[in-house]
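Asks: could you work out the structure for the sequence below:
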Amino acid sequence: MPIKIPKLLPAREILEEENIFIMDEDRANKQDIRPLNIIILNLMPEKEKTEAQFLRLLGNTPLQVNITFLKTATYESKNTSRYHLDQFYTTFAEVKHKKFDGMIITGAPIELIPFNEVNYWDELVEIFEWTKTNVTSTLHICWGAQAALYYHYDIGKFELPAKCSGVFAHKIFDNKEMLLRGFDDVFYAPHSRYTDVSEEAILNSPNLKLLSSSEEAGPFIIHSLDRKHIMVTGHLEYETETLAQEYERDIERGLSVPVPVHYFPKDNPNENPVNTWRSHAHLFFSNWLNYYVYQQTPFDWK
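Replies: The predicted structure follows:
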């Protein structure tokens, strides 16, 4: 939350230079406060695990957040019970008349399928269009980020020689960007995918800004210049054991996948992994809720 200070306080200039969020008395007195309405399109197979991952991060701020879970109507999940989906999820047809302050579109383990061949692609396109007018800021994760880059900015994906799996070091390009306030110059985040997007294409786009990338894992955090679309190619929301569980699942399926790098001590899968990204995950989601949603969304959507 911002620091409220007198408008002419000399320290204001110093704080602004240090990227501290401040608010003068005039703006503070005009602010209206209400709960934020966030909708999550959960495309991950194990939906209950994904719910806990995101709710843990969204719940760690002073803001009151109302959550709506969204499922696809054109594809039925095979890994989550019908009872759970019917009880806790809604469809786009039931909410498309509403306005939301923020939206999260998760990843999905379908990177190798061309976008236009995904069985719920037409439904997702309709949702993408809807977010332009009905959502203040939309956060796209992993495959969701690649799909958004393809649909909104015509940036395609390409297949990697081997699965990108592990915890990678990332650098930031603008430490005054609101989304990265409080970040270290180098921070760590998990990735788990078979495809990537071109960093050059992102840098050459007149509508996008690359905020963070990794020498090993490629572009990581991208946002549109109007800040309505944020694309994150990795998984800051992952829990400590998530990459290990994915690795064990792939091995059991007989897949030839590399051991997640920089994750297990000495890259030994028999060792317990160490979480090196938790604090930045909380900081990232807190920054998004505060600066991109709460500070931007209208008090009354009407």
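Asks: tell me the bridge partners for Leu36.
Replies: Beta bridges link Leu36 to Val65, judged by DSSP bridges.
Asks: tell me if I'm right that it and Gln295 touch.
Replies: No. Using CB atoms under 8 Å as the test, Leu36 is too far from Gln295 to be in contact (10.9 Å). All C-beta atoms are positioned from the backbone trio N, CA, C, and that covers glycine.
Asks: could you tell me how many residues sit around Ala162?
Replies: Neighbour count of Ala162, defined by other CB atoms under 10 Å: 10.
Asks: list the contacts of it.
Replies: Val257, Pro258 (CB atoms under 8 Å, 6 or more residues apart in numbering).
Asks: tell me which element it falls in.
Replies: strand 157-172 (DSSP states H and E).
Asks: how far off centre is that strand?
Replies: 16 Å (CA atoms, centre = their mean, to the nearest Å).
Asks: make residue 1 into 14 and carry on from there
Replies: With 14 as the first residue, the last one maps to strand 170-185.
Asks: tell me which helix or strand comes right after that strand.
Replies: strand 199-210.
Asks: note down every partner strand of that next one and its orientation.
Replies: Sheet pairing for strand 199-210, using DSSP bridges, gives strand 170-185 (antiparallel).
Asks: how about the strands in this structure?
Replies: 16-18, 35-37, 49-54, 78-83, 102-103, 113-118, 148-154, 170-185, 199-210, 221-227, 231-237, 242-245 (DSSP state E).
Asks: put together TSV for those, with mean pLDDT and distance to Leu71 on each row.
Replies: As requested, the strands of the chain are arranged in TSV below (pLDDT from 0 to 100; distance: least, CB to CB, whole Å):
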stretch	mean pLDDT	distance to Leu71
strand 16-18	47	23
strand 35-37	58	23
strand 49-54	93	7
strand 78-83	91	5
strand 102-103	92	17
strand 113-118	97	8
strand 148-154	98	10
strand 170-185	97	22
strand 199-210	97	17
strand 221-227	98	20
strand 231-237	98	18
strand 242-245	98	14
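Asks: nearest to Pro278, out of those strands?
Replies: strand 170-185 (11.8 Å; CB to CB).
Asks: so that closest one versus strand 221-227, what angle?
Replies: When axes from the mean of the first three to the mean of the last three CA atoms, to 10 degrees is applied, the directions of strand 170-185 and strand 221-227 differ by 80 degrees.
Asks: go through strand 170-185 and flag the buried ones.
Replies: Neighbour counts over strand 170-185 (16 or more other CB atoms under 10 Å) mark Lys170, Lys176, Cys177, Ser178, Gly179, Val180, Phe181, His183, Ile185 as buried.
Asks: got it, and stretch 272-292?
Replies: Buried residues in stretch 272-292 (16+ other CB under 10 Å): Pro273, Val274, Tyr276, Phe277, Pro286, Thr289, Trp290.
Asks: mind putting the strands of the chain into TSV with distance to Gln258?
Replies: Compiled in TSV, these are given as follows (distance: least, CB to CB, whole Å):
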stretch	distance to Gln258
strand 16-18	41
strand 35-37	42
strand 49-54	21
strand 78-83	22
strand 102-103	23
strand 113-118	21
strand 148-154	17
strand 170-185	12
strand 199-210	11
strand 221-227	22
strand 231-237	22
strand 242-245	20
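Asks: for those, which one sits closest to Leu125?
Replies: strand 199-210 (5.6 Å).
Asks: pull out the buried positions in the closest one.
Replies: Phe200, Tyr201, Ala202, Pro203, His204, Ser205, Arg206, Tyr207, Thr208, Asp209, Val210.
Asks: now the two most distant members of those residues.
Replies: That would be Phe200 and Tyr207, which, of the buried residues of strand 199-210, are the farthest apart (CB to CB) at 23.8 Å.
Asks: residues near Ile235, how many?
Replies: Ile235 is flanked by 27 other residues according to other CB under 10 Å.
Asks: so what's it up against?
Replies: Ala158, Leu162, Ile215, Leu221, Lys222, Leu223, Leu224, Ile243, Met244, Val245, Thr246 are the contacts of Ile235 under CB under 8 Å, 6+ apart.
Asks: cool, Ile118 as well?
Replies: Leu54, Leu56, Leu137, Ile140, Thr151, Leu152, His153, Ile154, Gly157, Ala160, Ala161.
Asks: related to what we said a few turns ago, higher neighbour count, Leu49 and Gln308?
Replies: Leu49 (21 against 15).
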